[in-house]
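J.: Provided below for reference: sequence and predicted model.
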Amino acid sequence: MNHEISSGDILPAKEAVESIDLTDLSSPIEIPPIPEDAHPENISDEERGFLKSEINRLKEERNALILAHNYMPKDVQDVADVVGDSLYLAQRGKDSDADILCEASVLFMQEILAVMKKTHQKILAPDLKALCSLAAHVDVGKIKAWKEKYPKGIVASYVNTYLKVKAISDYCYTSSNYVGVIKFILENHPGEDLLVLPDVHLGFSIAKFFQKIGQSLDRLWLMMGACHVHDIIRPSHIEEQRKLHPDAAVVFHGECACVRRCMVMVGEGSVPEDMMQSRSTQGMIKFVKESPAKKIIFATEVGNLYPMSKAAPDKILIPANPEAICAFMKQNTLRKVYISLRDLVREIVVDPELADKARRPIERMLSIT
């Protein structure tokens, strides 16, 4: 490796993994300030009561469904009909017959609903500044160049990508179902090169899965990219918290920078597998409910603490890095949900041609578990 590696570069899997610590994976787009009203203490009980009452009235009046990602502010989660991760929200949104789907999430998730929506439905976003630093790492030109070089190659894009990327992909996958999607690809496209993008930390997990099932890494390619929030959850954070809480279990998201170290510890047997696991955002909730450990260190965006604590109120939940906060997700506030429903504003409309091209990989993502 004698050239400078940049985010968005596509590398053979071995080289990509070796380059993770040498590559600037910080957010390529400006991170907005977190709105004051994203913090519950900055909304009075009187206003909170009014907003929740009006939102509930508007939901009935407009036949609306509110979906919220696990990283949303507490007030938004409390008013939502459905709370979950990207895959769960996409599945529930696709199955809904509501006239209005107002999703408190980030743009790539709302785009999925806009692709899969029924003719009579409108997709609303509480705030259009809710973007994604991981999705912003993707370089479409480099994907097209790779496809020209490997015309029979398969492109599998992570859910954290915009429609222009999904439109040139063969498959999509999430942190919940990537194993199932990769197995399906390997079974149905034997011998073909495979490009997975854009999260290189999750790409490392895919590379380990390749090795586990005896597949050669020579056919696997990764794009250099990361979520700026999960990338600041480092091995040192896990180690520090485990020293403070030696009896705690650890559950970590596949996008975290601690993934490699955690997987090594489990692989070498220094930590039992049931005490340290990789899970999706939604899978973490199941883990904290079922783990016999009374303390659990969790490595993901801290907003997931709220649904996890509701699911397992008897557990002590410890964020690996309390600074892991997504300002993009937090653009969605209770006030903005109310305004979006009240005025039917910030509708997500996608290009029909892009939607047609992106529909197949999205449908595959929703169907493969």
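T.: Thanks, I have the structure now. Numbering: from 1, shown residues only.
J.: got a list of what the residue lying closest to Asn304 once chain neighbours are set aside touches?
T.: Sequence neighbours aside, Asn70 is the residue nearest to Asn304 in space, at 4.7 Å (criterion: CB to CB, 6 or more residues apart in numbering). Backbone N, C-alpha and C define where each C-beta goes, glycine included. Applying CB atoms under 8 Å, 6 or more residues apart in numbering to Asn70 gives the contacts Gln77, Val83, Gly84, Asp85, Thr281, Gln282, Ile285, Glu301, Gly303, Asn304, Tyr306, Pro307.
J.: With respect to Val337, which of the residues you listed is nearest?
T.: Closest to Val337 out of the contacts of Asn70 is Gln77 (10.8 Å), distances taken as CB to CB.
J.: So Val83, which state does it fall into?
T.: Classification of Val83 using DSSP: H, G, I helix; E, B strand; the rest coil returns strand.
J.: in the sheet, who's paired with it?
T.: Per DSSP bridges, the residues bridged to Val83 are Ala68.
J.: ok now do it, which residues does it touch?
T.: So Val83 contacts Leu67, Ala68, His69, Asn70, Met72, Gln77, Pro307 (CB under 8 Å, 6+ apart).
J.: now these as a markdown table including distance to Glu323?
T.: As requested, the contacts of Val83 are exported to a markdown table (distance: CB to CB, whole Å):
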| residue | distance to Glu323 |
| --- | --- |
| Leu67 | 27 |
| Ala68 | 22 |
| His69 | 19 |
| Asn70 | 18 |
| Met72 | 18 |
| Gln77 | 21 |
| Pro307 | 20 |
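J.: Can you pick out the most distant pair from those residues?
T.: Farthest pair in the contacts of Val83 (CB to CB) is Leu67 and Pro307. Separation: 13.3 Å.
J.: For the protein, give me the ranges with low pLDDT.
T.: Applying pLDDT under 70 to the chain flags residues 1-3.
J.: Need the contact partners of the helix or strand where Met263 lies.
T.: Assigned by DSSP states H and E, Met263 falls within helix 259-267. Residues outside helix 259-267 that contact it (CB under 8 Å, 6+ apart): 17, 20, 201-202, 204-205, 208, 235, 238, 250, 252, 271-273, 276-278, 299.
J.: Now, those residues that are in strands?
T.: Mapping the contacts of helix 259-267 onto strands (DSSP state E) picks out Val250, Phe252, Met276, Gln277, Ser278, Ala299.
J.: Lys142: which of those residues is nearest?
T.: Among those, and counting by CB to CB, the member closest to Lys142 is Ser278, at 27.3 Å.
J.: Is the closest one in contact with Leu202, as I believe?
T.: No: Ser278 is beyond contact range of Leu202, at 9.2 Å (criterion: CB atoms under 8 Å).
J.: Among these two, which residue is more densely surrounded?
T.: For the pair Ser278 and Leu202, the greater number of neighbours falls to Leu202 (29 against 24), based on other CB atoms under 10 Å.
J.: Excluding covalently adjacent residues, which one is nearest to the more buried one?
T.: Counting by CB to CB, 6+ apart, the residue nearest Leu202 is Gly254, at 4.4 Å.
J.: quick one: the one you found from Cys262, how far?
T.: With distances taken as CB to CB, to the nearest Å, Gly254 is found 10 Å from Cys262.
J.: hey, what's in contact with both of these two?
T.: Joint contacts of Gly254 and Cys262 (CB under 8 Å, 6+ apart) are Ser278.
J.: Give the residue from these two that has the larger number of neighbours.
T.: Taking other CB under 10 Å, Gly254 and Cys262 do not tie; Gly254 has more neighbours (26 against 20).
J.: The more buried one: which element?
T.: Using DSSP H and E, no helix or strand contains Gly254.
J.: list the contacts for it?
T.: By CB under 8 Å, 6+ apart, the contact set of Gly254 is Ser175, Tyr178, Asp199, His201, Leu202, Ser205, Ser278, Ser280.
J.: What are the phi and psi values at it?
T.: phi -70, psi -10 (degrees, to the nearest 10).
J.: roughly how far apart are it and Ser27?
T.: Separation of Gly254 from Ser27 (CB to CB) stands at 19 Å.
J.: ditto for Leu89
T.: 23 Å.
J.: Looking at those two, which is more packed in?
T.: Between Leu89 and Ser27, Leu89 has the larger neighbour count (other CB under 10 Å), namely 26 against 20.
J.: Show me the domain layout of this structure.
T.: The chain breaks down by automatic domain parsing into domains covering 10-29+133-226, 36-132+328-349, 230-319.
J.: Now stretch 210-228 - C-alpha only, PDB.
T.: C-alpha atoms of stretch 210-228 as PDB (Å, rounded to 0.1, in the frame of the first residue of the first chain):
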ATOM      1  CA  PHE A 210     -16.300 -15.300   4.500                       C
ATOM      2  CA  GLN A 211     -13.500 -16.900   6.300                       C
ATOM      3  CA  LYS A 212     -15.800 -18.800   8.700                       C
ATOM      4  CA  ILE A 213     -17.600 -20.500   5.800                       C
ATOM      5  CA  GLY A 214     -14.400 -21.100   3.800                       C
ATOM      6  CA  GLN A 215     -14.900 -18.500   1.100                       C
ATOM      7  CA  SER A 216     -11.800 -16.800  -0.300                       C
ATOM      8  CA  LEU A 217     -11.300 -13.100   0.500                       C
ATOM      9  CA  ASP A 218      -9.900 -12.600  -3.000                       C
ATOM     10  CA  ARG A 219     -13.400 -12.100  -4.400                       C
ATOM     11  CA  LEU A 220     -14.500  -9.600  -1.600                       C
ATOM     12  CA  TRP A 221     -14.100  -5.800  -2.000                       C
ATOM     13  CA  LEU A 222     -14.900  -3.200   0.600                       C
ATOM     14  CA  MET A 223     -15.500   0.600   0.300                       C
ATOM     15  CA  MET A 224     -13.800   2.800   2.900                       C
ATOM     16  CA  GLY A 225     -16.500   4.600   4.900                       C
ATOM     17  CA  ALA A 226     -17.900   4.800   8.400                       C
ATOM     18  CA  CYS A 227     -20.600   6.300  10.600                       C
ATOM     19  CA  HIS A 228     -19.000   9.200  12.400                       C
END
